[in-house]
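# Need a 3D model of the sequence below.
(chains A and B)
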Amino acid sequence: MHMQPTTDQLSSALEGVLTNFAGMVKRVGWRHRLSDADVDEVMQEVRIRLWRARPTTEQISTSSASYVYRTAVSAALDIARRRRARRTELSDPIDDQMGIAAVGGPLADAEGTELAEQVARAVDTIAPSRRPVVRMYLAGYPREEIAELMGWSEAKTRNLLYRGLADLRARLTEQGIRWDTTG
Amino acid sequence: MTDDTIDEAADAPLRALYGRALALRGGGRSDGAATVSCVAPEDILALVRRELPEERRLEVLDHVMACDACRREFDLLRAVEAAGGQAAVTNGPGRASDQSPDQAPRFAPAASPKVIDISTRRARTWRRVTPFAIAAALMLVVGVEARRRAADEARPEVMRGDENGITTVTPAGDVTGVALGTAPVVFVWQPVVGARRYEFEVLDGDGTVVYSAATADTTIAVAAADAAERFRAGVEYEWWVRAITPDATQPRSALRPFRLLSE
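Predicted coordinates:
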């Protein structure tokens, strides 16, 4: 299909501005399994907003990185709000696909599932001051990032995490589950 | 107490089990409650930006890390913040002319101290992405023209609808580089104010509906396996979307032809 020159330039400018930013977001999110689909959804929203707010190629091309960033944060928030609204609907094609992916494969293992539930219930009983740190650690975030997020020193973070994991081990032991987390 | 008291390698199975529990529940706490109100997206953003008091930060973090859906939002906002914060540091705060009526009200003014402060803090927090940010910012300045040429056919076209219609964005025309069955096919259109949902259809050359869906979003992603089953490479299809609105006007897009090409 032939494109009108103006549309062609507009689309090129949009891609030029967004490609690098999207790459950065993906690189940062990669370590914690942030899906490309999530990033793509935000970038599609940003693309539409830029196109709507900045109708000329020149305006798009000269968009500063901070402008794209603010637009992306705004888009991510709106997407989060929409997802919450959609959770009450009966079906959604995109969410359905994700749901299928989430419950397939190894998750069908009933024994492992029961053990996982026991671990999750044990985590719920940890003291509230330590529990979020343990959750974040179990979710795979390194201690350095926990400390940065909470504004804590490395020593304080390590101490709370150690105590929280000790609580968790105690709960699991009470349930008859021995779990040596100290190596 | 030393680092040796926390052995990440030994905790790997525990982490896997915890992740499994959250994935199975798909969000919510694991104490048996069927439904727990999620924290607001704004609270998650404030958590990422460390703008909350510690007590509230712990509450929000506790929920986010116990809720698969909120954790995804946390990761996404964190990644956007990190990438954007770094870009802002390198590129400087946005100009006043960057603000649009659409986005500006949701954020501090581009040149406000708050934005600068966030960017600086991100520089400390996410310093590991600095090389990427510098490279990307440089490319934003000097690389737009090159990108314009290189993007070629893969870029989306924008087709404006009629006065009361819906504007489709992508796909359009010949879409190259699509290996059917290995990646989703994504359709994007512009939002319609007040739309409750959108009804979406793809038609083949005979006008037969080969795919249809309804969504509240302005994006439909046809899963890779589904796309491989319904679409054929090199065959022209047309897609269109209709908005369901409270006033029953049901604005719709024009038919948008496209072909998926493997090369």
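# From now on I want contacts and neighbour counts done on CA atoms only, so please keep to that.
OK.
# what about B:D206, helix or strand, and which?
Using DSSP states H and E, B:D206 sits in no helix or strand.
# Model confidence for the residue in the stretch 151-263 of chain B that chain A sits nearest to, exactly?
Taking CA to the nearest CA, chain A has its nearest neighbour within the stretch 151-263 of chain B at B:G173, 4.7 Å off. With respect to pLDDT, B:G173 scores 81.
# go on, the one 3 residues further on?
What the model reports for B:T176 is a pLDDT of 75.
# thinking it is in contact with B:A233, fair?
No. Taking CA atoms under 8 Å as the definition, B:T176 is not a contact partner of B:A233, at 9.9 Å.
# shared neighbours, these two?
Common neighbours of B:T176 and B:A233, counting by CA atoms under 8 Å, 6 or more residues apart in numbering or on different chains, are B:260-262.
# Return the members of those residues classed as buried.
Buried by 16 or more other CA atoms under 10 Å in any protein chain shown: B:260-261, out of the shared contacts of B:T176 and B:A233.
# buried residues in the helix or strand where B:A228 lies?
Taking DSSP H and E as the definition, B:A228 sits inside helix B:224-230. Buried residues in helix B:224-230, counted by 16+ other CA under 10 Å: B:224, B:227-228.
# Kindly report the same for stretch B:51-65.
Residues of stretch B:51-65 classed as buried by neighbour count (16+ other CA under 10 Å): B:52, B:57-65.
# Filter those to keep only those in contact with chain A.
Subset of these in contact with chain A: B:57-59, B:61-63, B:65, counting by CA under 8 Å from any CA of the partner chain.
# Which elements pack onto the helix ranked longest in chain A?
Across chain A, the longest stretch assigned as helix under DSSP state H is helix A:5-30. Judged by 3 or more CA pairs under 8 Å, 6 or more residues apart in numbering or on different chains; DSSP states H and E, helix A:5-30 is in contact with helix A:36-53, helix A:57-61, helix A:65-86, helix B:68-91, helix B:130-142, helix B:144-151.
# switch to 7 Å and redo it
helix A:36-53, helix A:57-61, helix B:68-91, helix B:130-142, helix B:144-151 (3 or more CA pairs under 7 Å, 6 or more residues apart in numbering or on different chains; DSSP states H and E).
# how's the chain carved up into domains?
The chain I'm using is chain A. Following automatic domain parsing, chain A resolves into domains at A:5-102, A:108-174.
# please go with chain B instead
Segmentation of chain B into domains, based on automatic domain parsing, reads B:3-135, B:154-260.
# Pick out the shakiest of those domains, pLDDT-wise.
For the domains of chain B, the stretch scoring lowest in mean pLDDT is domain B:3-135; its value is a mean of 63.
# Which members of the ones next to chain A among the buried residues of stretch B:51-65 occur in strands, if any?
Counting by DSSP state E, no part of those is found in strands.
# now, among those residues, which is nearest to chain A?
Taking CA to the nearest CA as the measure, B:D62 is the one of these closest to chain A, at 4.3 Å.
# Tell me how many other residues crowd the residue lying closest to that closest one once chain neighbours are set aside.
Nearest non-adjacent residue to B:D62, counting by CA to CA, 6 or more residues apart in numbering or on different chains: A:P132, 4.3 Å away. A count of nearby residues for A:P132, using other CA atoms under 10 Å in any protein chain shown, gives 28.
# do you know how far A:P132 is from B:I44?
From A:P132 over to B:I44 the distance is 14 Å, taken as CA to CA, to the nearest Å.
# Then B:I166?
B:I166 is 32 Å from B:I44, by CA to CA.
# Counting neighbours, go ahead and name the busier of the two.
Counted by other CA under 10 Å, B:I166 and B:I44 do not tie: B:I44 has more neighbours, with 26 against 23.
# and the most centrally placed residue in chain A, what does it touch?
Geometric centre of chain A, nearest residue: A:L34, 5.0 Å, by CA atoms, centre = their mean. Residues near A:L34 by CA atoms under 7 Å, 6 or more residues apart in numbering or on different chains: B:72, B:75-76.
# export those residues to CSV and tack on neighbour count and distance to A:E145?
Below are the contacts of A:L34 laid out as CSV (neighbours: other CA atoms under 10 Å in any protein chain shown; distance: CA to CA, whole Å):
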residue, neighbour count, distance to A:E145
B:R72, 19, 16
B:D75, 24, 12
B:L76, 27, 15
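# filter these down to the ones close to chain A.
Contacts with chain A are made by B:72, B:75-76 out of the contacts of A:L34, judged by CA under 7 Å from any CA of the partner chain.
# mind saving the C-alpha coords of stretch B:189-196 as PDB?
What follows is stretch B:189-196, C-alpha atoms only, in PDB (Å, rounded to 0.1, in the frame of the first residue of the first chain):
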ATOM      1  CA  TRP B 189      -6.700   2.300  17.000                       C
ATOM      2  CA  GLN B 190      -7.500   5.700  18.500                       C
ATOM      3  CA  PRO B 191      -9.800   5.900  21.500                       C
ATOM      4  CA  VAL B 192     -13.300   7.300  21.300                       C
ATOM      5  CA  VAL B 193     -14.400   9.500  24.200                       C
ATOM      6  CA  GLY B 194     -17.000   7.700  26.300                       C
ATOM      7  CA  ALA B 195     -16.700   4.400  24.600                       C
ATOM      8  CA  ARG B 196     -17.700   1.500  26.800                       C
END
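# and for that stretch, what are the contacting residues?
Residues from elsewhere that reach stretch B:189-196 (CA under 7 Å, 6+ apart): A:48, B:166-169, B:216, B:218-219, B:243-245.
# let's see it at 10 Å
For stretch B:189-196, contacts defined as CA atoms under 10 Å, 6 or more residues apart in numbering or on different chains pick out A:44-45, A:47-49, A:51-52, B:158-161, B:164-171, B:197-198, B:215-220, B:240-248, B:250-253.
# same thing with stretch B:256-263?
A:1, B:159, B:167-180, B:185, B:202-205, B:231-241.
# lowest average confidence, helix or strand, in chain A?
helix A:93-103 (a mean of 36; mean pLDDT, DSSP states H and E).
# Quick one: buried ones out of the contacts of stretch B:189-196?
Neighbour counting over the contacts of stretch B:189-196 (16+ other CA under 10 Å) leaves A:44-45, A:47-49, A:51, B:158-159, B:161, B:165-171, B:197-198, B:215-220, B:240-245, B:250-253 as the buried ones.
# So which of those residues belong to strands?
Among the buried ones among the contacts of stretch B:189-196, the residues falling in strands (DSSP E) are B:168-170, B:197-198, B:215, B:219-220, B:240-244.
# okay if I get those as CSV plus distance to A:E58?
CSV is the format used below for those (distance: CA to CA, whole Å):
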residue, distance to A:E58
B:T168, 22
B:V169, 19
B:T170, 21
B:R197, 33
B:Y198, 32
B:T215, 33
B:T219, 27
B:I220, 30
B:W240, 30
B:V241, 30
B:R242, 31
B:A243, 31
B:I244, 35
